[in-house]
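In: model this:
(2 chains, ligands or ions: 8)
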Number of protein chains: 2
Amino acid sequence: REERITLAHGAGGRATHTLIEAVFLKEFGNALLAPLEDGATLRLDGARAAFTTDSFVVSPLFFPGGDIGDLAVNGTVNDLAMCGARPEYLAAGFILEEGFPVADLRRIAASMAAAARAAGVSIVTGDTKVVERGKADGCYVTTTGVGVIERPVSLSASGARPGDAVIVSGPIGEHGAAIMLARGDYGIEATLRSDTAPLHELVSGLLDGVPGQVRTLRDATRGGIATILNEVATASDVAVVVDEDAIPVRAEVTGVCELLGIDPLYVACEGRFVAVVDGAHAGRALDALRAHPLGAGAAVIGAVKDDPPGLVLLRTAFGGTRIVDVLVGDPLPRIC
Amino acid sequence: REERITLAHGAGGRATHTLIEAVFLKEFGNALLAPLEDGATLRLDGARAAFTTDSFVVSPLFFPGGDIGDLAVNGTVNDLAMCGARPEYLAAGFILEEGFPVADLRRIAASMAAAARAAGVSIVTGDTKVVERGKADGCYVTTTGVGVIERPVSLSASGARPGDAVIVSGPIGEHGAAIMLARGDYGIEATLRSDTAPLHELVSGLLDGVPGQVRTLRDATRGGIATILNEVATASDVAVVVDEDAIPVRAEVTGVCELLGIDPLYVACEGRFVAVVDGAHAGRALDALRAHPLGAGAAVIGAVKDDPPGLVLLRTAFGGTRIVDVLVGDPLPRIC
Ligand SMILES: Nc1ncnc2c1ncn2[C@@H]1O[C@H](COP(=O)(O)OP(=O)(O)OP(=O)(O)O)[C@@H](O)[C@H]1O
Ligand SMILES: Nc1ncnc2c1ncn2[C@@H]1O[C@H](COP(=O)(O)OP(=O)(O)OP(=O)(O)O)[C@@H](O)[C@H]1O
Ligand SMILES: [Mg+2]
Ligand SMILES: [Mg+2]
Ligand SMILES: [Mg+2]
Ligand SMILES: [Mg+2]
Ligand SMILES: [Mg+2]
Ligand SMILES: [Mg+2]
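Out: Ligands and ions are numbered 1, 2, ... in the order given. Just a heads-up that it's a prediction; the model follows:
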């Protein structure tokens, strides 16, 4: 039987990682790609830079709190920020479907321009392709970013150590829940908006607040925080133990997730990250985050332990403990 | 009436440029994007670098002489080369259609890896998205490249001056003609293959062969050499006068083009460029190009004149002269 691409391969969870390792890492294999961080850290004529790309295929193109344009800018800005870089330049490639309204394209471009200005980056190069009707879904955007790493940081999912604290920068799942609502005829009235936002300033504040104490940064996009925490547990060969009660989730997100039968731990954010920080500096790290509006809801949600290595454990509100796996399947296709 | 995207907006000719200027340049507007060269030239912590992106939507995915994978690597390598940069790192974003065979994806990735090795670049970061059946056409790839500009070059379509020589690096139109044949049920037997190739070494040889004498480099992709020559004529406010007899076109390309009613001047190459060089150094430039296998068929095809500014004139084989316009419409959708 011929193996074929499924929606799960795009969900950011187990199937995505298997595909990336079995196909892309295997073929492209090099030391800069291998750690599979949010972006590559490289040297360019002496400069230390970060480089990252994301294609955006979100549906619908316009949703409460944002659209594919600001999502595409913020998404790449954030992957640069997770590398400890100051985002500087973006490239933007468009794949347009024949018949797409130029007014919608203009709206998307304007939204990208506004997001770029807000993040202090410039869109300096691009590309525009058109495919026939029925060969795309209106508009797909690929943004690629480059930025300078100014601090002597060493950030990696493999850097967590027992005793570290696990922090989330704010309430989770709002982007995914907003997209679900925007799509659905669920008859739910909600004021939920995507959390899409540029995180580099929040990250700067954290890195300056606890210099040398941040081990890992990862934005919780596809697969949600559950998947990120698993990546840390696996890459660092540690246990990550989180308290359900400590994880900030807005009531509306909980409500939408219950209705759709999805665990908020797996729902994508587009303006939140997980940080692993030396346990002794967790308080100062939290202060640094809370000093920025985008980190007002930051919380310590758990700790890194020795045992059981490679696993994420959730202490439930009822006093039990359960294993939290990476995302399997795709409950929510085309979230970004 | 609502304005909508047409295939012509993706053809690389007049409609593409109008769209880019009216939407993208207008919204993103900044000094690095504005010259609309093959890539942006920027400073990154002191380093002088080039940055460029292209999305690839070619159909079919596999064709004589190449596939979407090596095309995507060489295309971005070449846009970096046209900026005078040494290509170093690539990012690769994939948009996959649900149901796409994993074996085909693997073949594409292997082809990208081979092309990257051949060009001396590393694919260091990437992204993988999946859309539902009927929302793409198998596989789209976006490559973005970054490279260091080591020489003190100043290359631009606006740099041509009267007296300069216009050179093409080899016979034109082979990529487009090969794609047409691969698609069609034209009943033509031909040995035509895509000319896809990485051009940075050929460019290095040229830049070292006639230091400081190269004004413009541009790879003749969508819109063919006719469109490139018009870009030079417009941006430099000069006349570009070319001799039909001097333009290298293989007999098979001429044959396919005649059959399909397309002028080879508008047919895309993926391994050829146009160079504008100081007229006094044309001979040495040609020698430098011919010293490399990919430049064996290089030829001086014309000259830059004062008058009439902004126009491209073709001296036909029959002794007449006609104006060569930019590409209008889209005779050949999804060529790259
Ligand atoms: N097609 C690909 N080729 C090469 N590397 C890839 C490819 N797809 C993903 N990767 C790499 O795999 C890792 C995980 O990619 P992923 O897209 O899940 O990360 P992300 O961009 O942080 O998340 P998201 O796309 O949800 O925002 C990254 O290091 C990325 O560079
Ligand atoms: N959507 C876009 N946003 C910003 N700039 C764009 C966009 N599309 C194209 N451009 C810019 O317009 C110019 C022309 O782009 P174009 O894609 O035609 O060049 P190219 O990549 O050299 O050609 P090809 O795509 O045929 O290989 C470039 O400077 C490019 O950066
Ligand atoms: Mg990320
Ligand atoms: Mg990302
Ligand atoms: Mg392009
Ligand atoms: Mg080009
Ligand atoms: Mg190009
Ligand atoms: Mg990604």
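
In: every contact and neighbour count from this point should use C-alpha atoms.
Out: Fine.

In: quick one: residues contacting residue A:13.
Out: Neighbouring residues of residue A:13 by CA atoms under 8 Å, 6 or more residues apart in numbering or on different chains: A:222, A:223, A:227, A:326, A:327, A:328, A:329.

In: could you do residue A:62 as well?
Out: With contact taken as CA under 8 Å, 6+ apart, residue A:62 is in contact with residue A:68.

In: and the pLDDT for the closest residue to ligand 1 within the stretch 101-250 of chain A?
Out: Residue of the stretch 101-250 of chain A nearest ligand 1, by CA to the nearest ligand atom: residue A:222 (4.0 Å). On pLDDT, residue A:222 comes in at 97.

In: what distance do you get for it to chain B?
Out: As judged by CA to the nearest CA, to the nearest Å, residue A:222 and chain B stand 10 Å apart.

In: would you agree that residue is in contact with residue A:9?
Out: No - judged on CA atoms under 8 Å, residue A:222 makes no contact with residue A:9 at a distance of 11.2 Å.

In: hmm, back to that, could the contacts of residue A:13 be laid out in a markdown table, adding secondary structure, neighbour count and distance to residue B:319?
Out: Shown next, in a markdown table, are the contacts of residue A:13 (DSSP: H, G, I helix; E, B strand; the rest coil; neighbours: other CA atoms under 10 Å in any protein chain shown; distance: CA to CA, whole Å):
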| residue | secondary structure | neighbour count | distance to residue B:319 |
| --- | --- | --- | --- |
| A:222 | coil | 26 | 63 |
| A:223 | coil | 27 | 66 |
| A:227 | helix | 26 | 70 |
| A:326 | coil | 23 | 71 |
| A:327 | coil | 25 | 69 |
| A:328 | coil | 17 | 69 |
| A:329 | coil | 19 | 67 |
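
In: got these as a markdown table, with distance to residue B:244 columns?
Out: What follows is those, written out as a markdown table (distance: CA to CA, whole Å):
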| residue | distance to residue B:244 |
| --- | --- |
| A:222 | 55 |
| A:223 | 58 |
| A:227 | 61 |
| A:326 | 62 |
| A:327 | 61 |
| A:328 | 60 |
| A:329 | 59 |
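
In: and which of the residues you listed is nearest to ligand 5?
Out: residue A:222 (28.4 Å; CA to the ion).

In: residue contacts, that closest one?
Out: Counted by CA under 8 Å, 6+ apart, residue A:222 has contacts A:11, A:12, A:13, A:266, A:267, A:268, A:269, A:335, A:336.

In: okay if I get those residues as JSON lines plus secondary structure and distance to residue A:33?
Out: As requested, the contacts of residue A:222 are exported to JSON lines (DSSP: H, G, I helix; E, B strand; the rest coil; distance: CA to CA, whole Å):
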{"residue": "A:11", "secondary structure": "coil", "distance to residue A:33": "20"}
{"residue": "A:12", "secondary structure": "coil", "distance to residue A:33": "17"}
{"residue": "A:13", "secondary structure": "coil", "distance to residue A:33": "18"}
{"residue": "A:266", "secondary structure": "helix", "distance to residue A:33": "25"}
{"residue": "A:267", "secondary structure": "coil", "distance to residue A:33": "26"}
{"residue": "A:268", "secondary structure": "coil", "distance to residue A:33": "23"}
{"residue": "A:269", "secondary structure": "coil", "distance to residue A:33": "24"}
{"residue": "A:335", "secondary structure": "coil", "distance to residue A:33": "24"}
{"residue": "A:336", "secondary structure": "coil", "distance to residue A:33": "22"}
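
In: nearest to ligand 2, of those?
Out: Taking CA to the nearest ligand atom as the measure, ligand 2 lies nearest residue A:336 of those, at 18.7 Å.

In: give me the helices and strands touching the helix or strand hosting residue A:202, please.
Out: Using DSSP states H and E, residue A:202 falls within helix A:200-209. When contacts are defined as 3 or more CA pairs under 8 Å, 6 or more residues apart in numbering or on different chains; DSSP states H and E, helix A:200-209 packs onto helix A:68-82, helix A:282-290.

In: what residues does the stretch 201-336 of chain A have near ligand 3?
Out: residue A:219 (CA under 5 Å from the ion).

In: who in the stretch 201-336 of chain A is up against ligand 1?
Out: A:221, A:222 (CA under 6 Å from any ligand atom).

In: what do you get if the cut-off is 8 Å, keeping everything else the same?
Out: A:218, A:219, A:220, A:221, A:222, A:223, A:268, A:270, A:336 (CA under 8 Å from any ligand atom).

In: same thing with the stretch 1-150 of chain A?
Out: For the stretch 1-150 of chain A, the residues in contact with ligand 1 (CA under 8 Å from any ligand atom) are A:11-13, A:16-17, A:20, A:24-25, A:28, A:33-40, A:52-55, A:75-76, A:79.

In: pick the one among the residues of the stretch 201-336 of chain A next to ligand 1 closest to ligand 3.
Out: residue A:219 (4.8 Å).

In: just give the nearest non-adjacent residue to that closest one, would you?
Out: residue A:273 (3.9 Å; CA to CA, 6 or more residues apart in numbering or on different chains).

In: how about residue A:77?
Out: residue A:87 (5.8 Å).

In: check residue A:143 too.
Out: residue A:92 (4.6 Å).

In: again with residue A:180
Out: residue A:332 (7.7 Å).

In: ok, back up a step: show me what contacts the residue nearest to residue A:219?
Out: A:168, A:169, A:170, A:217, A:218, A:219, A:220.

In: how about a cut-off of 10 Å?
Out: Residue A:273 makes contact with A:78, A:82, A:167-172, A:199, A:202-203, A:216-221, A:224-225, A:228, A:295, A:298, according to CA atoms under 10 Å, 6 or more residues apart in numbering or on different chains.

In: so where does residue A:42 fall, helix or strand?
Out: Per DSSP H and E: residue A:42 is located in strand A:40-44.

In: show me where chain A has its helices.
Out: A:14-19, A:26-28, A:68-82, A:102-119, A:174-183, A:200-209, A:224-236, A:251-260, A:282-290 (DSSP state H).

In: still on that earlier bit, among the residues of the stretch 201-336 of chain A next to ligand 1, who's most crowded?
Out: residue A:268 (31 neighbours; other CA atoms under 10 Å in any protein chain shown).

In: contact partners for that one?
Out: A:11-12, A:172-177, A:179, A:194-195, A:219-227, A:332, A:335-336.

In: and the angle for the longest strand belonging to chain A with helix A:68-82?
Out: In chain A, assigned by DSSP state E, the strand with the most residues is strand A:86-97. On the basis of axes from the mean of the first three to the mean of the last three CA atoms, to 10 degrees, strand A:86-97 is oriented at 150 degrees to helix A:68-82.

In: hmm, strand A:86-97 in reach of ligand 2?
Out: Yes - interface with ligand 2: strand A:86-97 contributes A:91, A:92, A:93, A:94 (CA under 8 Å from any ligand atom).

In: in its sheet, which strands sit next to that strand, and in what direction?
Out: Paired with strand A:86-97 in the same sheet, following DSSP bridges, are strand A:122-131 (parallel), strand A:139-148 (antiparallel).

In: of all those, which lies closest to residue A:105?
Out: strand A:139-148 (7.9 Å; CA to CA).

In: so how far is the closest one off the chain centroid?
Out: Offset of strand A:139-148 from its chain centre (CA atoms, centre = their mean, to the nearest Å): 14 Å.

In: so what's residue A:5 up against?
Out: Applying CA under 10 Å, 6+ apart, the residues near residue A:5 are A:15, A:19, B:96-103, B:105, B:130-131, B:138.

In: if you set the cut-off to 6 Å instead, what comes out?
Out: Listed by CA atoms under 6 Å, 6 or more residues apart in numbering or on different chains, the contact set of residue A:5 reads B:98, B:99, B:100.
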